[in-house]
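Chemist: take this sequence and fold it.
(2 chains)
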2 protein chains.
Amino acid sequence: MAMARVPILVAVALVAAAASCSAWEPTIRMATAVDDAVAPLIHALRPLLGSSGELGSRGGVPCDSWRLGVEAYNVRDWKTVPANCEGYVGHYMLGSHFRRDSKVVIDQAIAYVDSLKLAGNGKEVWVFDIDETTLSNLPYYATHGFGARPYNATSFDAYVLEGTAPALPESKRLYYKLLKVGIKPVFITGRTEDKRAITVANLRSQGISGWMNLTLKQPGFHGSAISYKSAERKKLQDAGYVIVGNIGDQWSDLLGAPEGARTFKLPDPLYYIG
Amino acid sequence: MAMARVPILVAVALVAAAASCSAWEPTIRMATAVDDAVAPLIHALRPLLGSSGELGSRGGVPCDSWRLGVEAYNVRDWKTVPANCEGYVGHYMLGSHFRRDSKVVIDQAIAYVDSLKLAGNGKEVWVFDIDETTLSNLPYYATHGFGARPYNATSFDAYVLEGTAPALPESKRLYYKLLKVGIKPVFITGRTEDKRAITVANLRSQGISGWMNLTLKQPGFHGSAISYKSAERKKLQDAGYVIVGNIGDQWSDLLGAPEGARTFKLPDPLYYIG
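Modeler: Model (predicted):
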């Protein structure tokens, strides 16, 4: 009897922990059948059970509607993920949902690349953002409240300076496709110039190389992300380059002339940059 | 015994019908507790069971990722809803999910209105699209494959000419708010001029009146929706009006200068207009 009770208690404890929406399994777990479709994992910290916390708490904002509002650029200028949505965002990011959503975006981007009649003159470029577009800071956010806690520049910078951020697998697939067809990747990132060396090392350690430019924010620049990024795209265009595509996780990566011939918005429910 | 079996068989039949994703209940059903939060219903045809067909068929595109791709403007130029997503879109539109998603958009719009310092000079306007923004054609799409079948101008026009399209409750809430604070609603619709009388009658029968302009597409215009709508917004601006807001269900309602000070994209997984 006593022996039989232990697994039941463990199961109850696991269910209770999962239901609290703040319990995460800090060890590596093999991908399940669902994940296999979009393997490999981005980050090993995974929710204890498969429950995706669909709608978040009934008491607050419905978390899936909030996330849709963010992605469709209706919800703007938010500082933190709604408190009741921390568990929802965690499950979304660590489970297969974020990967599935990202895969549809990249499938569209690759279909678009396949549809292009390329000049092949070395002037065609594709603009990439870095954070949450090429590299994922999910290992940081997974232990800092999934965007539900206020931004902490000190701890976040310390994470970036480790240079261990994993590449986003779907974005890497697009990156390789572009290199293959002769479209030159260009990075325009909100990371500052002092992080050039660690950024280059991080990208390379993740198998990403062969870009044409890596533009980082210069000391003293205090404009908006839109003004910074659109001005850098303008410089490319003025130098005779054709921006055939532009991908980012923030609308501020994509808005502001010249936008590029086609833009792609990757999902990001972790933070907002205006 | 024979008496007891009948309800069981009926229940089995209902479950089987719901599982087929193409069975809808053609009679009015009272709103459930979940729906009460966003009552009233838009359309009486409702899925038989509460299952929302979350991800659509595993065999095709994941339907929720496809829908997110549409809303975030990554999936463009599509002709029909993916075949495996007809059931998913039906459940999405008829259940509470579409209403919840729309409510978040309108809550943002109303918070934005509340944040404005209005001049109160009669020059502040808000642009509304009509179809799937102010009036819902869901009663038509619910019996025509929820966008999964090719567009049929004949049957769709016949439906529009009935003049029975219900108002979208969330949009109506915004419309009344604008009237209350003195921002003038302006309709710019892709409906053609020959539908002016029925459109006016339909709007009025749904309790919508007091707009400043109702602009319909003129005979002979063959440009894109973006070029038509942005040119009409330009005319407003040139006449001294300030477009404080702009709401539509298509990105082509919102893109193209002048966009208006702030844009709002309502969900629409039924069709795409470029």
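Chemist: the nearest residue to A:Tyr151 once chain neighbours are set aside in helix, strand or coil?
Modeler: Of all residues not flanking A:Tyr151 in the chain, A:Tyr271 sits nearest, at 6.9 Å (Cβ to Cβ, 6 or more residues apart in numbering or on different chains). C-beta: built from backbone N, CA, C; applies to glycine. Three-state call for A:Tyr271 (DSSP: H, G, I helix; E, B strand; the rest coil): coil.
Chemist: A:Tyr271: neighbour count?
Modeler: Neighbour count for A:Tyr271, taken as other Cβ atoms under 10 Å in any protein chain shown: 20.
Chemist: any weak-confidence spans in chain A?
Modeler: Along chain A, segments meeting pLDDT under 70 span A:1-40, A:46-59.
Chemist: so where do the strands sit in it?
Modeler: Under the criterion DSSP state E, strands of chain A are mapped to A:24-25, A:46-47, A:124-128, A:184-192, A:213-217, A:242-248, A:263-265.
Chemist: format the ones you listed as a markdown table; extra columns: mean neighbour count.
Modeler: Shown next, in a markdown table, are these (neighbours: other Cβ atoms under 10 Å in any protein chain shown):
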| stretch | mean neighbour count |
| --- | --- |
| strand A:24-25 | 17 |
| strand A:46-47 | 22 |
| strand A:124-128 | 25 |
| strand A:184-192 | 20 |
| strand A:213-217 | 18 |
| strand A:242-248 | 23 |
| strand A:263-265 | 23 |
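Chemist: close to chain B: what parts of chain A are there?
Modeler: Contact residues, chain A versus chain B (Cβ under 8 Å from any Cβ of the partner chain): A:54, A:61-62, A:64-66, A:68-69, A:71-76, A:100-101, A:103-105, A:108-109, A:263-265, A:267.
Chemist: out of those residues, which end up buried?
Modeler: Burial by neighbour count, 16 or more other Cβ atoms under 10 Å in any protein chain shown: within the residues of chain A next to chain B this picks out A:61-62, A:64-66, A:68-69, A:71-75, A:100-101, A:103-105, A:108-109, A:263-265, A:267.
Chemist: please name the nearest non-neighbouring residue to A:Arg196.
Modeler: Per Cβ to Cβ, 6+ apart, closest to A:Arg196 is A:Leu216, 5.6 Å.
Chemist: quick one, what contacts that neighbour?
Modeler: Contact analysis of A:Leu216 by Cβ atoms under 8 Å, 6 or more residues apart in numbering or on different chains lists A:Thr189, A:Arg191, A:Thr192, A:Glu193, A:Lys195, A:Arg196, A:Thr199.
Chemist: how does it look with 7 Å?
Modeler: Under the criterion of Cβ atoms under 7 Å, 6 or more residues apart in numbering or on different chains, the contact partners of A:Leu216 comprise A:Thr189, A:Arg191, A:Thr192, A:Glu193, A:Lys195, A:Arg196.
Chemist: ok, and the closest non-adjacent residue to the third one?
Modeler: Leaving aside its chain neighbours, A:Thr192 sits nearest to A:Lys217 (4.9 Å; criterion: Cβ to Cβ, 6+ apart).
Chemist: residue contacts, the one you found?
Modeler: Contacts of A:Lys217 (Cβ under 7 Å, 6+ apart): A:Gly190, A:Arg191, A:Thr192, A:Glu193, A:Tyr228.
Chemist: turn these into JSON lines, columns for distance to A:Ile183.
Modeler: Output for these, formatted as JSON lines (distance: Cβ to Cβ, whole Å):
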{"residue": "A:Gly190", "distance to A:Ile183": "23"}
{"residue": "A:Arg191", "distance to A:Ile183": "23"}
{"residue": "A:Thr192", "distance to A:Ile183": "27"}
{"residue": "A:Glu193", "distance to A:Ile183": "26"}
{"residue": "A:Tyr228", "distance to A:Ile183": "23"}
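Chemist: okay, now the residue nearest to A:Ile226 when sequence neighbours are not counted: neighbour count?
Modeler: Nearest residue to A:Ile226 in three dimensions, chain neighbours excluded: A:Gly256, at 4.4 Å (Cβ to Cβ, 6+ apart). A:Gly256 sits with 18 neighbouring residues when counted by other Cβ under 10 Å.
Chemist: same check on the one 10 residues further on?
Modeler: Residues within reach of A:Leu266, counting by other Cβ under 10 Å, total 25.
Chemist: look up the residues forming beta bridges with the residue of the stretch 151-274 of chain A at minimum distance from chain B.
Modeler: At 4.7 Å from chain B, A:Lys265 is the closest residue in the stretch 151-274 of chain A, using Cβ to the nearest Cβ. Counting by DSSP bridges, A:Lys265 is bridged to A:Gly248.
Chemist: so it touches B:Asn74, yeah?
Modeler: Yes - in this structure, A:Lys265 is within contact of B:Asn74 by Cβ atoms under 7 Å, at 5.9 Å.
Chemist: just send the strands of chain A back as TSV, with distance to B:Val242 too.
Modeler: Compiled in TSV, the strands of chain A are given as follows (distance: least, Cβ to Cβ, whole Å):
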stretch	distance to B:Val242
strand A:24-25	48
strand A:46-47	47
strand A:124-128	33
strand A:184-192	32
strand A:213-217	33
strand A:242-248	30
strand A:263-265	27
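Chemist: any idea which of these gets closest to B:Trp126?
Modeler: strand A:263-265 (25.2 Å; Cβ to Cβ).
Chemist: now for the closest one, which elements pack on it?
Modeler: Applying 3 or more Cβ pairs under 7 Å, 6 or more residues apart in numbering or on different chains; DSSP states H and E, one finds that strand A:263-265 contacts helix A:96-115, strand A:242-248.
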